[in-house]
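**Q** this one's sequence-less:
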């Protein structure tokens, strides 16, 4: 189990030692996002913006104009809503090289409750032109992604999550930027998952295997642009898809996958997601159970979609 | 010859271009475009190191029109400086033109920022100024704000940021023409005491007549020699300045253009022969 946000902060410190082209911006939540590691190690490259996300986002565009890469950090609910228009008009439209790194995703935020749970951010950021949207499944993948994200020009929304996560990958894992990653093979159905749901999808597939149902599992960390080829291939080869996300069922991974499947190779799709409600306070695992995001819920969705095949 | 005659001529050219563009497009924001003509003229003709030949130079000065609806003035000044031909005026706000309804750095040479969503240009300018300081460059950033724009909370976030980070390489100017879209500022959300507000936020504040080149010059010189804090120039102006029937008349804020006799009168008052 590793804490995603601590690993994020530490990864930034390690990157700072080998490249001088980025700075980190914070809106008084360095303790929450993990960037306090960076603040302590690289104070000259840490810019405190105060609790003023709108100014921080537009200001970051101005900083980018000077040639440095600003990594803007705050909670996802504020990155995706409070400063959204700044993200659109100041950053995305003029195509400034600003990386928005948001923590505290979905129900995984836990006890802070509904006001702090970003359950809409994938839908929101996916709808903005020029914007890349990524959501790694564990700290190892996040660490593998960061150098590539910094090397690629353009606006980006990176969802880093909050709570400690079981490792999905090990040191031998190879990550290919932009590609959906196959975590298990199977012919009956494909489970596509993102972020905190990836390890749950792997567990669901293992349980289903014991019952004689064989699922392909894809890690969909590249939400936009999405690996359309992998989605179409999965639809063609397995004939049914289940999507899993800690996000509202509207407009997120499920919506994005349905767009591709419907346009290219229609097959039954079943979503595992939050059912268009605001969450409540509670421990992440308890909330995942309450709102139907556990491995058993994924397995049930697979059984359901197979009946529609 | 008056030492400011060249600027007077530059400003007259801008007014002529503003009215010309406004007539071609059939819409736009003439009132607030005319009120900032002297400010923009001084910055472009005298103050800034900024031209088509140094646009790729990170050490150039930056001008950000945060009150983006007054883009007619910016386009007029950019054309005057040779960023594009006045022929482009004919296609303002048209699908086949480069001149957009609000400033657009993607489509228009010389435009630094996609402004018009109020408050954002100010923050962007603060980022430019901070970026210049971090890179050790001594170029300066100028940002023009509307008085109505000061309603935006982001402006005050930016004020705190600019003072805290001691950005003495930025000059913000408020085109204080007292009117905003629907009415007088004082009837929407009163701004006074404006000078005290900016001072309380840690800025050096200088109040001037925004149509007086000598006062504009003095204020910019003071800003240049002030260390450790950013400067806010509150420029008192007249909305619709220079066109008799537009001055202080709210309907000329936006989406209007002079027609018939109005047009002839406006062009005459700008010292122009008429549209081609």
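**A** Ah, there it is. Owing to the predicted nature of the structure, the values given are computational and were not obtained by experimental measurement.
**Q** and residue 144, helix, strand or coil?
**A** Because you didn't say which chain, this covers chain A. Three-state assignment for residue A:144 (DSSP: H, G, I helix; E, B strand; the rest coil): helix.
**Q** you looked at the wrong chain, it should be chain B
**A** Criterion first, three-state DSSP; result for residue B:144: strand.
**Q** Kindly report the same for residue A:133.
**A** strand.
**Q** which residues does it bridge with?
**A** Assessed by DSSP bridges, residue A:133 has beta-bridge partners residue A:157, residue A:224.
**Q** Just give me the neighbour total for it.
**A** Per other C-beta atoms under 10 Å in any protein chain shown, the neighbour tally for residue A:133 reads 26. No exception for glycine: its C-beta is placed from N, CA and C like everyone else's.
**Q** Would you mind listing the residues in contact with it?
**A** A:122, A:125-126, A:156-157, A:159, A:223-224 (C-beta atoms under 8 Å, 6 or more residues apart in numbering or on different chains).
**Q** May I ask which of the residues you listed comes out lowest in pLDDT?
**A** pLDDT is lowest at residue A:159 among those; the value there is 94.
**Q** Is that residue in contact with residue A:132, as I believe?
**A** No. Between residue A:159 and residue A:132 there is no contact under C-beta atoms under 8 Å: 11.6 Å.
**Q** Who has more neighbours out of the two?
**A** A direct count of neighbours by other C-beta under 10 Å for residue A:159 and residue A:132 places residue A:159 higher, at 31 against 19.
**Q** Distance of the more buried one relative to chain B?
**A** Per C-beta to the nearest C-beta, to the nearest Å, residue A:159 is found 24 Å from chain B.
**Q** Now do the same contact list for that residue.
**A** Residue A:159 touches A:76, A:102-103, A:105, A:121-122, A:133-136, A:195, counting by C-beta under 8 Å, 6+ apart.
**Q** Just those residues: which are in strands?
**A** Counting by DSSP state E, the part of the contacts of residue A:159 found in strands is A:102-103, A:133-134.
**Q** Helices along the chain, start to end?
**A** Using chain A here. A:4-18, A:30-33, A:36-41, A:53-65, A:76-77, A:84-86, A:121-126, A:139-151, A:197-210, A:228-238, A:253-264, A:284-290, A:295-307 (DSSP state H).
**Q** that's the wrong chain, I meant chain B
**A** So, for chain B - with DSSP H - the helices run B:5-25, B:30-35, B:37-42, B:71-80, B:120-135, B:153-164, B:185-188, B:194-200, B:213-224, B:260-269.
**Q** where does the stretch 101-250 of chain A have low pLDDT?
**A** Within the stretch 101-250 of chain A, no stretch has pLDDT under 70.
**Q** follow-up on the earlier one: ok, so of the contacts of residue A:133, who is nearest residue B:213?
**A** residue A:156 (45.0 Å; C-beta to C-beta).
**Q** who's in contact with the closest one?
**A** Applying C-beta under 8 Å, 6+ apart, the residues near residue A:156 are A:98-100, A:131-134, A:149.
**Q** before we move on, the earlier item: format the helices of chain B as TSV; extra columns: mean neighbour count, mean pLDDT and distance to residue A:14.
**A** Formatted as TSV, these follow (neighbours: other C-beta atoms under 10 Å in any protein chain shown; pLDDT from 0 to 100; distance: least, C-beta to C-beta, whole Å):
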stretch	mean neighbour count	mean pLDDT	distance to residue A:14
helix B:5-25	21	94	53
helix B:30-35	30	94	50
helix B:37-42	27	98	47
helix B:71-80	26	98	44
helix B:120-135	28	98	22
helix B:153-164	22	98	29
helix B:185-188	14	94	51
helix B:194-200	16	98	42
helix B:213-224	18	98	41
helix B:260-269	15	87	63
